[in-house]
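Participant: Structure for this input, please:
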Amino acid sequence: MTGCGSKMAAYVPRGWDYKEITVRCGNTSPHGSPWLCEACERKYAHVDWRREAELNGEAWGPEDY
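Facilitator: Here you go, the predicted model:
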């Protein structure tokens, strides 16, 4: 698992506004990349999440880019 697992606030769309939810660092966001706390963002700044998923057998089409 990527991330440290600590709880953090994240914001998801809700109608015309956003709703704050509590998630664990490293959980997958609705966009497919992980939610990361500030410390883990610095630690994993070099990672291309889409390329890593492709190398692990997940299919990505041209419309995803």
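Participant: Buried residues in stretch 32-48, which are they?
Facilitator: Buried residues in stretch 32-48, counting neighbours by 16 or more other CB atoms under 10 Å, are found at S33, P34, W35, L36, C37, C40. (Each C-beta comes from the backbone N, C-alpha and C, glycine too.)
Participant: measure the third one to G57 for me?
Facilitator: The span separating W35 from G57 equals 23 Å under the rule CB to CB, to the nearest Å.
Participant: Ok, E38 next?
Facilitator: 31 Å.
Participant: Quick check: T22 touching Y11?
Facilitator: No - contact criterion CB atoms under 8 Å: T22 and Y11 do not qualify, at 11.1 Å.
Participant: where are the low-confidence patches of this structure?
Facilitator: Scanning the chain with the threshold set as pLDDT under 70 gives 1, 59-65.
Participant: check contacts around the residue positioned nearest the centre of it.
Facilitator: Closest to where the C-alpha atoms of the chain average out (CA atoms, centre = their mean) is P34, at 1.9 Å. Neighbour list for P34: T2, G3, C25, G26, N27, T28, Y44, W49 [criterion: CB atoms under 8 Å, 6 or more residues apart in numbering].
Participant: Show me which of the residues you listed are buried.
Facilitator: T2, G3, C25, G26.
Participant: need these in JSON lines with distance to G15, can you?
Facilitator: Converted to JSON lines, the buried ones among the contacts of P34 look like this (distance: CB to CB, whole Å):
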{"residue": "T2", "distance to G15": "30"}
{"residue": "G3", "distance to G15": "29"}
{"residue": "C25", "distance to G15": "27"}
{"residue": "G26", "distance to G15": "28"}
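Participant: With distance to D17 and secondary structure as added columns, please give these in JSON lines.
Facilitator: Converted to JSON lines, these look like this (distance: CB to CB, whole Å; DSSP: H, G, I helix; E, B strand; the rest coil):
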{"residue": "T2", "distance to D17": "29", "secondary structure": "coil"}
{"residue": "G3", "distance to D17": "26", "secondary structure": "coil"}
{"residue": "C25", "distance to D17": "24", "secondary structure": "coil"}
{"residue": "G26", "distance to D17": "26", "secondary structure": "coil"}
